[in-house]
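Colleague: model this:
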Amino acid sequence: MKLKILWPGKTRNKEIIGLQEFYLKRINQLAPCELIQTREAKGIPEKFADRIKEIEASGLEKNIKDDYIICLFDEGKEMSSIDFARFLEKVASNSSRVVTFVVGGFLGLEERILKRADFTLSLSRMTFSHELSRIMILEQIYRSLTIIKGRHYAK
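Modeller: Next comes the predicted model:
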């Protein structure tokens, strides 16, 4: 299973950057994983949300090939960690496509990116910052890989 994670913009919070690196290192010990930070719409007032999402969508699309796309979306399907691991294992066993996770910016994802998704996943019905969501999906990917590989990881 090859993994790719896309999101617009660079993480700014130093503590979160440290956690990103921590989980990426662990994930890469279990499966090849590439993190791509794409173009972020900077300097545009939030009242132009459609324009911001359009700019960010263009950057994301440049990095989406014939991948199996999983978009993080607040209206997506919620799963337990065990169910998520089973889901990832099934996706990997049924296809040789790269499994690509797409995390939106602070305004979420543009509709056309969501329409390209093979699956939409919700981390929770609660709202989290886009930077915190990045860590949460990295941790869940790592947790799922340990479950799939039969390795011990804290519960």
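
Colleague: I'd guessed residue 30 sits against residue 141; true?
Modeller: No. Using C-beta atoms under 8 Å, residue 30 is not in contact with residue 141; the gap is 9.2 Å. Every residue, glycine included, has its C-beta placed from N, CA and C.

Colleague: tally of neighbours for the closest residue in space to residue 33 that isn't next to it in sequence?
Modeller: What sits nearest to residue 33 in space, not counting adjacent residues and going by C-beta to C-beta, 6 or more residues apart in numbering, is residue 3, at 4.1 Å. By other C-beta atoms under 10 Å, 22 other residues sit near residue 3.

Colleague: residue ranges for the helices of the protein, please.
Modeller: 14-30, 49-61, 81-94, 111-116, 130-149 (DSSP state H).

Colleague: In JSON lines: those helices, plus mean neighbour count and distance to residue 74.
Modeller: Shown next, in JSON lines, are the helices of the chain (neighbours: other C-beta atoms under 10 Å; distance: least, C-beta to C-beta, whole Å):
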{"stretch": "helix 14-30", "mean neighbour count": "15", "distance to residue 74": "20"}
{"stretch": "helix 49-61", "mean neighbour count": "18", "distance to residue 74": "14"}
{"stretch": "helix 81-94", "mean neighbour count": "15", "distance to residue 74": "16"}
{"stretch": "helix 111-116", "mean neighbour count": "15", "distance to residue 74": "11"}
{"stretch": "helix 130-149", "mean neighbour count": "19", "distance to residue 74": "10"}
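
Colleague: Who is the residue nearest to residue 33 paired with across the strands?
Modeller: Residue 3 has these beta-bridge partners by DSSP bridges: residue 33, residue 99.

Colleague: if I look at it, how far off is residue 77?
Modeller: 19 Å (C-beta to C-beta, to the nearest Å).

Colleague: what sits against the residue positioned nearest the centre of the chain?
Modeller: Nearest residue to the geometric centre of the chain (C-alpha atoms, centre = their mean): residue 101, 3.6 Å. Residues near residue 101 by C-beta atoms under 8 Å, 6 or more residues apart in numbering: 3-6, 70-72, 137, 141.
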